[in-house]
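Asker: Show me how the following folds:
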Amino acid sequence: MLRGKPHIVVVGAGFGGIKICKLLAKEDVEVTLVDRHNFHLFQPLLYQVSTSVLSTDEIAYPTRSFFRKCPNVNFFMAKAKGVDQSRNVLLTNHGEIPYDYLVLAAGATTNFFGMKNVENHAYGMKTIQEAVAIRNHVLHEFERGDKPYRTAEDRKKRLTFVVVGGGPTGIEEAGAIAELINVQKKEFHHLDFSDVSIKLIEATSHVLPMMSQDLQDEAVRVLREKGVEVMLDTQVVDYDGNVLTLKSGEKIPTSTVIWAAGVKAVDFIKNCGGEYARDGRIWVEEDLLVKGAVNRNVFAIGDCAGFMHGGMKRPLPTVAPVATQGRLLQQYPEAHPGGRSAGEIRVQRPWRHGHHRAWQGSGQFPPNDRFSGMVCVDARPSDPTCGSPCESHRGHQVDVEPYFRHTVGTNHYQYQAGQREAFDSEGGGGAFR
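Answerer: Model prediction:
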C-alpha cells in the first residue's frame, strides 16, 4: 500500500504500459510507471525514421506528458533488473520499488537466433537509436559509393542493402529504402544507380504469414515493381560485416544488413520468476496472471507475455490482434439472481478485421474481499454481449484486479439475429496495447 492505497507498478512505457496507466489513473490507486527511457516510442514508424521520412521527435513523446493531470501516476526512470516476488519488490538500477500488484509490459527486442556474428554486425530496428543508426549509415553509404576512387566491387557492396525478414517490418523497410533511392537518384548526378540493389530475404515460402495469400502475393508484386529482389525460402547463417552467407552457400557482399527476422522478450523478463517460452516470453494464464507467481499478483501483457491456447503447439503471436483483446472486464462481488456466481468475471472483446466481430468469454475466480465492483472499458451501451446495460455500470466501485484479468480463447460464438457464428479468434497475449 502507498499512502493508504493499492500500489500498482507497471514496467514498460510502450503501448501496453501507457494504456493501462491511463486507465488506472482514473481509479483510487497509486501507480508507478517504470521505464529506462523518459519517452514513449511509436515503434510502427521506426522504419520511416530509418529512411529519413520522419524525424525522431515525430514518433517519440515525453512519458510524463501523458500524466500531467494524473497526480496518482508517477513516472520513475530506471532500468528494471528483476523481480523478488517473495518480497513484492521490483529491482532496478536505482533501488527497489515495492508493489501490491505488478504488471510486466516490457515489450520485445530483436531476436538473432543465437547468431553472434549477425548480432554484432547487422542492424536491428526496435529502438530509436537503431533507426537513427540505420538512417545515418544508409546515407553515408551513398556518399562513400559516390567517391571516384572506389573500386566497382567496393561500390556495389556499399550500395547493396539487405533486409532480412518478410514480416511487416521487413516489408515496410525494404519498400521505404526503395523510395529513398528514388530521391537519391535526383541528388547524386554522377552515381551509377545500376550498382544499387535492395534484397528482401525470407526463410519461408511467403511473406506476411498472418495475411491471406492474395495480400502476400500483392506485397511481393509491389516490392518487385519498386526494384526490390524478394528472395523466398532463403536462410541466413552468418554475416561478418562485409559478406552475408546463406544456407545454400551463396555469399552476398554487402555492408548493410537490417535484421527484421524475429523478436524475443527483453532479457529482464527472465529475472521475474515464473515459466518461460523458448523466445523468452513469460507464460501467462488465461487471465494474464504469470504462471507460478508466488503471491498471484504479477501479471504480464503485450509482447513479453506468452499464452498457449488449447491444443496449439505454438504460443499466440506477438501481433496487434492478439494484444488488443480486452475491452470489457466485469466482476460481480456477490451472487447474481440471473445466475452469475460470486467472483465471476465476464470478458467481451470486440475485434475488427475486415468487419466488426464481437465475442464473449467468462472465467471463474475466487471472490476478493478487498476489491469488488466492475470495470467497463470502451463498451457501447447498445452492445448486446455486454451482460448488463453499460449505462448501469456507472457509479459502481471499480475493481483494481480485473484490469489485469481476462479470458482468452478460440471458437467463441457470436449470437446475432438468432444465429450462432463460430470462428477462430486466435486471441490472447496481452489485454492493452
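Asker: What segments of the stretch 1-150 of the chain are strands?
Answerer: Assigned by DSSP state E, counting those that start in this stretch, the strands in the stretch 1-150 of the chain fall at 7-11, 30-35, 39-41, 60-62, 73-77, 80-84, 89-92, 95-98, 101-104, 108-110.
Asker: which of these sits most buried?
Answerer: Comparing the strands of the stretch 1-150 of the chain by mean neighbour count (mean count of other CB atoms under 10 Å), strand 101-104 ranks first with a mean of 28. For the C-beta atoms, the positions are set from N, CA and C on the backbone; glycine is no exception.
Asker: Mind giving me the packing neighbours of that strand?
Answerer: strand 7-11, strand 298-300 (3 or more CB pairs under 8 Å, 6 or more residues apart in numbering; DSSP states H and E).
Asker: Not counting its own residues, what contacts the longest one?
Answerer: Okay, so that is strand 7-11. With contacts defined as CB atoms under 8 Å, 6 or more residues apart in numbering, strand 7-11 is touched by 1, 17, 20-21, 24, 29-35, 80, 90, 97-106, 268, 400.
Asker: if we go to 6 Å?
Answerer: 17, 21, 29-34, 80, 90, 97, 99-106 (CB atoms under 6 Å, 6 or more residues apart in numbering).
Asker: same deal with the shortest one?
Answerer: Strand 298-300 is contacted by residues 102, 103, 104, 282, 284, 288, 289, 290, 404 when judged by CB under 6 Å, 6+ apart.
Asker: at 8 Å what do you get?
Answerer: Strand 298-300 has contacts (CB under 8 Å, 6+ apart) with 83, 85, 101-105, 269, 272-274, 282, 284, 288-290, 404, 430.
Asker: that older thread, dump the helices and strands packed on strand 101-104 to a markdown table, plus mean pLDDT and distance to residue 190.
Answerer: Shown next, in a markdown table, are the helices and strands packed on strand 101-104 (pLDDT from 0 to 100; distance: least, CB to CB, whole Å):
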| stretch | mean pLDDT | distance to residue 190 |
| --- | --- | --- |
| strand 7-11 | 97 | 52 |
| strand 298-300 | 94 | 55 |
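Asker: In the protein, which residue is most central in space?
Answerer: For the chain, the residue nearest the mean C-alpha position is residue 303 (4.5 Å; CA atoms, centre = their mean).
Asker: For stretch 224-233, which outside residues touch it?
Answerer: Contacts of stretch 224-233 (CB under 8 Å, 6+ apart): 166, 174-175, 178-179, 181, 197-207, 220, 223.
Asker: Let me know the pLDDT of the residue lying closest to residue 82 once chain neighbours are set aside.
Answerer: Spatial nearest neighbour of residue 82, excluding adjacent residues (CB to CB, 6 or more residues apart in numbering): residue 271 at 3.2 Å. pLDDT for residue 271: 95.
Asker: Surely residue 271 is in contact with residue 84?
Answerer: No - the pair residue 271 and residue 84 fails to qualify as a contact (CB atoms under 8 Å) at a distance of 9.6 Å.
Asker: hang on, the earlier thing: a markdown table please, covering the strands of the stretch 1-150 of the chain and showing distance to residue 230.
Answerer: As requested, these are exported to a markdown table (distance: least, CB to CB, whole Å):
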| stretch | distance to residue 230 |
| --- | --- |
| strand 7-11 | 38 |
| strand 30-35 | 37 |
| strand 39-41 | 29 |
| strand 60-62 | 31 |
| strand 73-77 | 42 |
| strand 80-84 | 39 |
| strand 89-92 | 44 |
| strand 95-98 | 47 |
| strand 101-104 | 37 |
| strand 108-110 | 21 |
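Asker: low-confidence ranges in the stretch 251-400 of the chain?
Answerer: 320-400 (pLDDT under 70).
Asker: on that earlier part again, give me every residue that touches the residue lying closest to the residue nearest to the centre of the chain once chain neighbours are set aside.
Answerer: Nearest residue to residue 303, sequence neighbours excluded (CB to CB, 6+ apart): residue 108, at 3.9 Å. Residue 108 makes contact with 126, 263, 264, 265, 266, 303, 304, 318, according to CB under 8 Å, 6+ apart.
Asker: ok, the last one to residue 3 distance?
Answerer: In this case it means residue 318. Distance, residue 318 to residue 3, by CB to CB, to the nearest Å: 36 Å.
Asker: which of the two has more neighbours?
Answerer: Ranked by neighbour count (other CB atoms under 10 Å), residue 318 and residue 3 place residue 318 first, with 22 against 7.
Asker: Could I get the phi/psi values of that one?
Answerer: Backbone torsions for residue 318, taken as degrees, to the nearest 10, come to phi -90, psi 70.
Asker: For it, which residues are in contact?
Answerer: Taking CB under 8 Å, 6+ apart as the criterion, residue 318 is in contact with 108, 263, 281, 302, 303, 429.
Asker: coming back round to it: please report the distance of the residue nearest to the centre of the chain from residue 150.
Answerer: From residue 303 over to residue 150 the distance is 41 Å, taken as CB to CB.
Asker: can you confirm residue 249 is in a helix?
Answerer: No - per DSSP: H, G, I helix; E, B strand; the rest coil, residue 249 lies outside any helix segment and is coil.
Asker: Do you know the pLDDT at it?
Answerer: pLDDT, read off for residue 249, is 97.
Asker: what separates it from residue 118, distance-wise?
Answerer: For residue 249, the distance to residue 118 - CB to CB - is 17 Å.
Asker: then the longest helix along the chain to PDB, C-alphas only?
Answerer: Longest helix of the chain, by residue count under DSSP state H: helix 168-187. The C-alpha coordinates for helix 168-187 follow below in PDB (Å, rounded to 0.1, in the frame of the first residue of the first chain):
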ATOM      1  CA  PRO A 168       5.500  -6.200 -41.700                       C
ATOM      2  CA  THR A 169       8.700  -4.500 -40.500                       C
ATOM      3  CA  GLY A 170      10.900  -6.100 -43.300                       C
ATOM      4  CA  ILE A 171       8.300  -5.300 -46.000                       C
ATOM      5  CA  GLU A 172       8.000  -1.700 -44.900                       C
ATOM      6  CA  GLU A 173      11.700  -1.200 -44.600                       C
ATOM      7  CA  ALA A 174      12.500  -2.600 -48.000                       C
ATOM      8  CA  GLY A 175       9.800  -0.500 -49.600                       C
ATOM      9  CA  ALA A 176      10.900   2.600 -47.800                       C
ATOM     10  CA  ILE A 177      14.600   2.100 -48.900                       C
ATOM     11  CA  ALA A 178      13.400   1.800 -52.500                       C
ATOM     12  CA  GLU A 179      11.600   5.100 -52.200                       C
ATOM     13  CA  LEU A 180      14.600   6.700 -50.600                       C
ATOM     14  CA  ILE A 181      16.700   5.600 -53.600                       C
ATOM     15  CA  ASN A 182      14.300   7.400 -56.000                       C
ATOM     16  CA  VAL A 183      15.100  10.600 -54.100                       C
ATOM     17  CA  GLN A 184      18.800   9.900 -54.200                       C
ATOM     18  CA  LYS A 185      18.700   9.500 -58.000                       C
ATOM     19  CA  LYS A 186      17.800  13.200 -58.200                       C
ATOM     20  CA  GLU A 187      20.700  14.300 -55.900                       C
END
